[in-house]
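*Asks:* Kindly return the folded structure for what I paste below:
(one chain, ligands or ions: 1)
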Amino acid sequence: MIRVGRVGPEAVELLAELHGRCFQPGWDRTAMAALLAVAGTFALVAEWTSEIARESTTPERVPAGLVLFRVAADEAEILTLGVIPEARRAGVGRALLEAALENARARGAAALFLEVAADNAVAIALYQQAGFGTVGGRKGYYSRAGGTVDALVLARKA
Ligand SMILES: CC(C)(COP(=O)(O)OP(=O)(O)OC[C@H]1O[C@@H](n2cnc3c(N)ncnc32)[C@H](O)[C@@H]1OP(=O)(O)O)[C@@H](O)C(=O)NCCC(=O)NCCS
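*Replies:* Okay, here's the model as predicted:
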C-alpha cells in the first residue's frame, strides 16, 4: 500500500511538485536541484494507493510524499518531510520517517535531527510517536504573516 524508494536528481520536478502540495510556498525545482547537489543529501518518495484505487482491479500507486535528509559524519538531518493532503493520516509520514532513519543509519549516522515549527502540533505528534525528543530551540526561526514562530530542534538515535 505504501512503498518508499530513493530518487535522484532526475526527480527534481516530481520533488518540487510534491513539496508545493505539502507546503505554501513550496521549494521549486531549482531549489531542489541545489539541495540535492550537496554531498550527502538524499531524497525518498513514498508511493501510496488510495482506498478508492484499492477497489479497482488495477490499483494504482501515486507519489504521495517526500523526505529530504542530509548525512554528515555521524549525524543526519531531515531537511523537509511532507505528505500531500489527500494521503494524510494513512501512515505515509511515518513510513517516510522510518525509511529516512534506516537510510541514515546505513550511511553511518548515529543520530537524526530536525527542526519543526513550535505550532505544528501534527508534525510534533508524528515525531514524538517516532521517538524524537526536544534537544533545543531557535527563537523566531519561521516567518509567518503575523510575525514569527519559534522552531523546536528534535532528535533521536538513528
Ligand atoms: C506532518 C505530516 C508529514 C504527517 O504525515 P501523515 O502521513 O499524515 O502522518 P501519519 O499518517 O504517518 O501519522 C503518524 C502519526 O502522526 C500523528 N499525526 C498525524 N496526523 C495527525 C493529526 N492530524 N492529528 C494528530 N496527530 C497526527 C499521529 O501520532 C499519527 O499516528 P496515528 O495515526 O497512529 O495516531 C503531514 O501532516 C504533512 O505533510 N503536513 C504538512 C507539512 C509539514 O508540516 N511537514 C512537517 C514539517 S517539520
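*Asks:* got the residues of this protein near the ligand?
*Replies:* Applying CB under 6 Å from any ligand atom, one finds that the chain approaches the ligand through 22-23, 81-83, 88-94, 116, 120, 122-123, 125-126, 129. Just so you know, the C-beta spots here come from the backbone N, C-alpha and C atoms, and that holds for glycine as well.
*Asks:* Burial check on the residue of the chain found nearest the ligand, number of neighbours?
*Replies:* In the chain, no residue comes nearer to the ligand than residue 93, which is 2.5 Å away by CB to the nearest ligand atom. By the other CB atoms under 10 Å criterion, the neighbourhood of residue 93 contains 25 residues.
*Asks:* Can you verify my assumption that it contacts residue 78?
*Replies:* No. With contact defined as CB atoms under 8 Å, residue 93 and residue 78 do not form a contacting pair (11.4 Å).
*Asks:* quick one: average confidence on the top helix by length along the chain?
*Replies:* Among the elements of the chain assigned as helix by DSSP state H, the one spanning the most residues is helix 92-106. Along helix 92-106, the predicted local confidence has a mean pLDDT of 98.
*Asks:* Enumerate the positions of that helix that are buried.
*Replies:* When burial is assessed from 16 or more other CB atoms under 10 Å, helix 92-106 yields the following buried residues: 92-93, 95-97, 99-101, 103-105.
*Asks:* Pull the most distant pair out of these.
*Replies:* Within those, two members stand farthest from each other by CB to CB: 92 and 105, at 20.5 Å.
*Asks:* List of residues touching the helix or strand of the chain with the lowest mean pLDDT?
*Replies:* The helix or strand of the chain with the lowest confidence, counting by mean pLDDT, DSSP states H and E, is helix 51-54 at a mean of 78. By CB atoms under 8 Å, 6 or more residues apart in numbering, the list of residues contacting helix 51-54 from outside reads 1, 59-62.
*Asks:* Lowest-confidence one in the residues you listed?
*Replies:* residue 59 (79).
*Asks:* can I assume it sits in a strand?
*Replies:* No. If the criterion is DSSP: H, G, I helix; E, B strand; the rest coil, then residue 59 is coil and not within a strand.
*Asks:* List the contacts of it.
*Replies:* For residue 59, the contacting residues are 49, 53, by CB under 8 Å, 6+ apart.
*Asks:* Quick check on the residue most central in space within the chain: phi, psi?
*Replies:* Taking CA atoms, centre = their mean as the criterion, residue 81 is the residue nearest the geometric centre of the chain, at 1.5 Å. Comment: the main-chain dihedrals of residue 81 come out as phi -150, psi 130, following degrees, to the nearest 10.
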